[in-house]
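Peer 1: Let's see this in three dimensions:
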Amino acid sequence: MSYHQIYARWKADPEAFWMQASQAIDWTTPPSRAFFDQGPAGEWFADGMVNTCWNALDRHVAAGHGDRLAVIHDSPMTGSVTRLTYAQLQDSVARLAGVLAAHGIGKGDRVIIYMPMIPQALQAMLACARIGAIHSVVFGGFAAHELAVRIDDAKPRAIIAASCGLEPGRIVPYKPLMDRAIAEATHKPDLTIVFQRPECAGEMTPGRDLDWDAAVEAASPVDCVPVTGNHPAYILYTSGTTGQPKGVVRHTAGHLVALAWSVPNIYDIGPGDVFWVASDVGWVVGHSYIVYGPLIAGATTVVFEGKPVGTPDAGTFWRVIAEHKVKSFFTAPTAIRAVKRDDPQGDLVAGHDLSGLKAMFLAGERADPDTITWAEDRLNVPVIDHWWQTETGWPIAANPLGAGLLPVRKGSPALPMPGYDVQVLDEAGHPVAPGTLGAIVLRLPLPPGTLPTLWNAESRFDKAYLQHFPGFYETGDAGYVDADGYVYIMARTDDVINVAGHRLSTGAMEEVLSAHPAVAECAVIGVADALKGQAPLGLLCLKKGITTEPAQIVAEVVRMVRDQIGPVAAFRTACVVERLPKTRSGKILRATMARIADGETVKAPATIDDPAILDEIRVALASVGYPVEG
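Peer 2: Predicted coordinates for the structure are as follows:
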């Protein structure tokens, strides 16, 4: 069936559509129906009984596919490649689950996982799923205080950690961070399980800490424990505007069904195919499409411990794709911009056999047309932008490779996926005409796999997502839908700036700036202006080897914005910076930079990749006349 037929079939009968989709997974007890009008925003397959780990591992082994490759761990940090079959992964997961069960941890208990990109991180997640424990993965190396905040919110019975993570040029000890977090937290876990890496051993606390290798070797494997369809599979914390993290909840059955549908239809991945998502298990992308999605599909997932550049160079992506015969590759636009900055001509693509690659997917930040074009020209495969959020757990809008690729419109993540009714509203909640900028919302109910609530914060869930536009979920993104239904995400709602009464998209201005041949990456922020309310300010990162004077480049991009968007944008100022502040998942911290430019005293956000960048931004902004505070 074509995309349009699939979407029409969902719209005509959502209940029948999702009941049919639910047949792709194994149930202990099938659900009586798909949608249950209960809880803050509805629940899916609530009365079914099911187990995620069975669907990701055991059923493949039971079907005779135990020798199929499940995981390829490629670590430029250690210079090693490790491969695990489905049978090997099932055995290690069942034994780790046995360790947890032997300590009384079971259905409904929370377990925090604090690990780098190693196979043990996947094993920890799957071991929790096996016994019905609710995992909460915290990005490895996260600050002790932030980990403590999550310990107090989730109240885990156990923490599973690695002794350290590896970054280019340095080792990051995780064990001392975990110890400090436990000391700070009011809630204390019963035990921790520590995987000791050879690069850095952590000091163990007697009576609390278990050595992973010794505990797993001595453990008896345990079977999968069925849970109800509306049992929480995991909690994933995302930054909230209040500074208090929001615990996004994912229900088990909806998660399984959404991933079982999306992996073949969107990414064109099936049994035995190799899928590489260059993200981290600490993010939603890692949960959905490094760990659960590929394994539910019976595919091979690549777990990569490295960076787009510097491990060892900007050709690492192409080496991994060629070496492991990757079929679909998924990364963030910011990663491709980093590669493009270090290797502007794409010379490092040469020499790698990428004939097995069918498509590259981008998500996480807006994919500007210039970056897409650069990648298309060098890889000779479709480069597919798609859009989703931690809260939704799988794509809202995409170009479904497995269902037949639609015409690509650069700058657009294409069309809504089944289950998502995308609307654009003005501030008063009225629909706007095609092509008009507004708040992007999703008509309720949301599809399977999306968040049903926040952990222990139902009223906050309602206030954050449902109150502003009754009957809709507020995405927090601004953009428009064209006459053919293609969605365009232009900025976060907070990044739409008001210049002398005109609502303008910073994303549209960034699109113009990124088209300049010297610009590798850019951001546009709105800063306070006494006359116009807000004025746009551009920050530019230049490609390697550029010899043109920064002042000339600034003059040229100012002229380009004036020519392409018009004088109404009042775009007059830009500055060149060495790098932009980002979260660890690659999102540019535009609001943080805007507060700095407005003279506020800014504390580094918990999710920032490198807090030192903020001082560089302060110096750059001061150089163009902004009286920033320290």
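
Peer 1: Check which helix or strand residue 503 maps to.
Peer 2: Element membership for residue 503 (DSSP states H and E) is strand 502-505.

Peer 1: Export that strand to CSV, keeping only CA atoms.
Peer 2: Provided in CSV are the C-alpha atoms of strand 502-505 (Å, rounded to 0.1, in the frame of the first residue of the first chain):
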residue,chain,number,x,y,z
HIS,A,502,5.9,40.7,12.8
ARG,A,503,6.1,37.1,13.9
LEU,A,504,9.3,35.7,12.2
SER,A,505,10.8,32.3,12.1
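
Peer 1: so what strands line up beside it?
Peer 2: Strand 502-505 has the following strand partners under DSSP bridges: strand 496-499 (antiparallel).

Peer 1: Which residues does the partner strand contact?
Peer 2: 437, 478, 490, 503-506, 526, 529, 532-536, 568-570 (CB atoms under 8 Å, 6 or more residues apart in numbering). (Each C-beta comes from the backbone N, C-alpha and C, glycine too.)

Peer 1: Neighbour count says what about these? Which are buried?
Peer 2: Using 16 or more other CB atoms under 10 Å as the burial test, those include 437, 478, 490, 504-506, 526, 534-536, 569-570 as buried.

Peer 1: Which ones among those residues map onto helices?
Peer 2: residue 506 (DSSP state H).

Peer 1: could you dump the buried ones among the contacts of strand 496-499 to a markdown table with distance to residue 145?
Peer 2: Below are the buried ones among the contacts of strand 496-499 laid out as a markdown table (distance: CB to CB, whole Å):
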| residue | distance to residue 145 |
| --- | --- |
| 437 | 38 |
| 478 | 32 |
| 490 | 34 |
| 504 | 37 |
| 505 | 35 |
| 506 | 31 |
| 526 | 30 |
| 534 | 33 |
| 535 | 35 |
| 536 | 34 |
| 569 | 40 |
| 570 | 40 |
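
Peer 1: Quick check: strands, which of the buried ones among the contacts of strand 496-499 are part of them?
Peer 2: Members of the buried ones among the contacts of strand 496-499 lying in strands (criterion: DSSP state E): 478, 490, 504-505, 526, 534-536.

Peer 1: Quick one: distance of the worst-scoring helix or strand of the chain on mean pLDDT to the chain centre.
Peer 2: The helix or strand of the chain with the lowest confidence, counting by mean pLDDT, DSSP states H and E, is strand 502-505 at a mean of 76. For strand 502-505, the separation from the chain centroid amounts to 27 Å (computed by CA atoms, centre = their mean, to the nearest Å).

Peer 1: what does it rub up against?
Peer 2: If you take CB under 8 Å, 6+ apart as the criterion, strand 502-505 is touched by 437, 478-479, 490-491, 495-498, 536, 565, 568-569.

Peer 1: in the stretch 151-300 of the chain, which spans are helices?
Peer 2: For the stretch 151-300 of the chain, the helices defined by DSSP state H, counting those that start in this stretch cover 175-184, 212-218, 252-267, 284-286, 293-296.

Peer 1: how much distance is there from the last one to the middle of the chain?
Peer 2: Put plainly, it is helix 293-296. 16 Å.

Peer 1: Let me see the mean pLDDT of it.
Peer 2: Mean pLDDT, computed over helix 293-296, is 98.

Peer 1: Could you name the helices and strands sitting against it?
Peer 2: helix 252-267, strand 300-304 (3 or more CB pairs under 8 Å, 6 or more residues apart in numbering; DSSP states H and E).

Peer 1: could those go into JSON lines alongside mean pLDDT and mean neighbour count?
Peer 2: Below are these laid out as JSON lines (pLDDT from 0 to 100; neighbours: other CB atoms under 10 Å):
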{"stretch": "helix 252-267", "mean pLDDT": "98", "mean neighbour count": "27"}
{"stretch": "strand 300-304", "mean pLDDT": "98", "mean neighbour count": "24"}
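
Peer 1: now those in CSV, with distance to residue 281?
Peer 2: Shown next, in CSV, are these (distance: least, CB to CB, whole Å):
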stretch, distance to residue 281
helix 252-267, 15
strand 300-304, 8
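
Peer 1: nearest to residue 283, of the ones you listed?
Peer 2: Nearest to residue 283 among those is strand 300-304 (13.4 Å), distances taken as CB to CB.

Peer 1: So what are the sheet partners of the closest one and their directions?
Peer 2: By DSSP bridges, strand 300-304 pairs with strand 69-75 (parallel), strand 274-277 (parallel).

Peer 1: Out of the ones you listed, which is the most enclosed?
Peer 2: Of the strands paired with strand 300-304, the one with the most neighbours on average (mean count of other CB atoms under 10 Å) is strand 274-277, at a mean of 25.

Peer 1: what's near enough to touch the residue most central in space within the chain?
Peer 2: The chain has residue 285 as the residue nearest its centroid, 3.7 Å off, counting by CA atoms, centre = their mean. With contact set as CB under 8 Å, 6+ apart, residue 285 has these partners: 277, 279, 330, 363-364, 585.

Peer 1: ok, now with 10 Å
Peer 2: Counting by CB atoms under 10 Å, 6 or more residues apart in numbering, residue 285 touches 277-279, 293, 330-332, 363-364, 388, 390, 393-394, 585.

Peer 1: Take those and write them to TSV, including secondary structure.
Peer 2: As requested, those are arranged in TSV below (DSSP: H, G, I helix; E, B strand; the rest coil):
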residue	secondary structure
277	strand
278	coil
279	coil
293	helix
330	strand
331	strand
332	coil
363	coil
364	coil
388	coil
390	coil
393	coil
394	coil
585	coil
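
Peer 1: Among these, which one sits closest to residue 66?
Peer 2: residue 293 (20.0 Å).

Peer 1: residues in contact with the closest one?
Peer 2: Residue 293 is in contact with 56, 255-256, 258-260, 262-264, 266-267, 269, 275, 277, 285, 287, 299, 301, 394, counting by CB under 10 Å, 6+ apart.

Peer 1: what residue ranges in the stretch 101-250 of the chain score low on pLDDT?
Peer 2: 239-243 (pLDDT under 70).
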